Each structure stands twice: as C-alpha cells, then as structure tokens.
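K.L.:
With the sequence up front, the predicted model follows.
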Amino acid sequence: MSFDNHYTPESISPEELAHTQGPLLIEFGTNWCGFCQSAQRHIEAAMERHSGVEHVKVEDGKGRRLGRTLGVKLWPTLIFFRDGHEITRLIRPDNREDIETALAHIQDR
C-alpha cells in the first residue's frame, strides 16, 4: 500500500467509526500545517512496518464533526483504534519509535 501525503475531507462518520473492525489509524491534520508536514516522514516510516493497519488521513478544522467528536485540538493528532475503540493517541509525534509502539498496540496479536 502506498503512503498518501494528502489529507482529504472526512470519509468516515463517528457512527461508522464505532463499527470498524481491526486496527485503524486516523491521522488528523491539514495539508498546509508545518507540524503535519514534519511528521510525515516518521509516520510513513512507521507504517512501512505495519502494513496491516488501515491509515486514514482526515483534513481537520473548524466545524469538522469527526475531529470535534474525538476532541482533536492540535495537528497532527494520530488516534489508534482497534475494533472501533480508541486505544491510544499521539499529538504532534516527532519520532518513528513512538508511532511504531502505538501501532504495535493495535496490530493483530
């Protein structure tokens, strides 16, 4: 699976999120955010070792329902889910190791 560098409008609702199965990483941010751009190399490197995790990049901002429902305030925010339940989150990650650790927590055992 190739790594997507662009955030897109919400493609999943809070209701749909609750019914997801397996490991899922939702990354909130914007394409113009400097913190988001800096984190991309770390996220991409971590995702290479966890290809079984679905990765959804959601463009966030004022009035965006999913981000508000999940309490996102800073970008990027990475929220790690397993079977529709939040397991952990990272805010403004600055290294691959922290992201890999979080991914390992949601990966199939």
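P.N.:
Done, it's in. Quantities reported herein were computed from a predicted structural model and do not represent experimental measurements.
K.L.:
Going by C-alpha atoms from here, please, whenever you check contacts or count neighbours.
P.N.:
Noted.
K.L.:
quick check, distance from stretch 42-58 to the centre of its chain.
P.N.:
8 Å (Cα atoms, centre = their mean, to the nearest Å).
K.L.:
quick one: the strands in this protein?
P.N.:
For the chain, the strands defined by DSSP state E cover 23-29, 54-59, 77-82, 85-91.
K.L.:
Mind checking these for the one nearest to R68?
P.N.:
strand 23-29 (10.8 Å; Cα to Cα).
K.L.:
Strand 85-91 and the closest one, what's the angle between them?
P.N.:
40 degrees (axes from the mean of the first three to the mean of the last three Cα atoms, to 10 degrees).
K.L.:
tell me the contacts of the nearest residue to H42 once chain neighbours are set aside?
P.N.:
Nearest non-adjacent residue to H42, counting by Cα to Cα, 6 or more residues apart in numbering: R96, 4.5 Å away. Counting by Cα atoms under 8 Å, 6 or more residues apart in numbering, R96 makes contact with H42, I43, A45, A46.
K.L.:
which one among those gets closest to L74?
P.N.:
Proximity of these to L74 was ranked by Cα to Cα; the top entry is I43 with 16.4 Å.
K.L.:
Touching, that closest one and E97? I think so.
P.N.:
No. Using Cα atoms under 8 Å, I43 makes no contact with E97, being 9.6 Å away.
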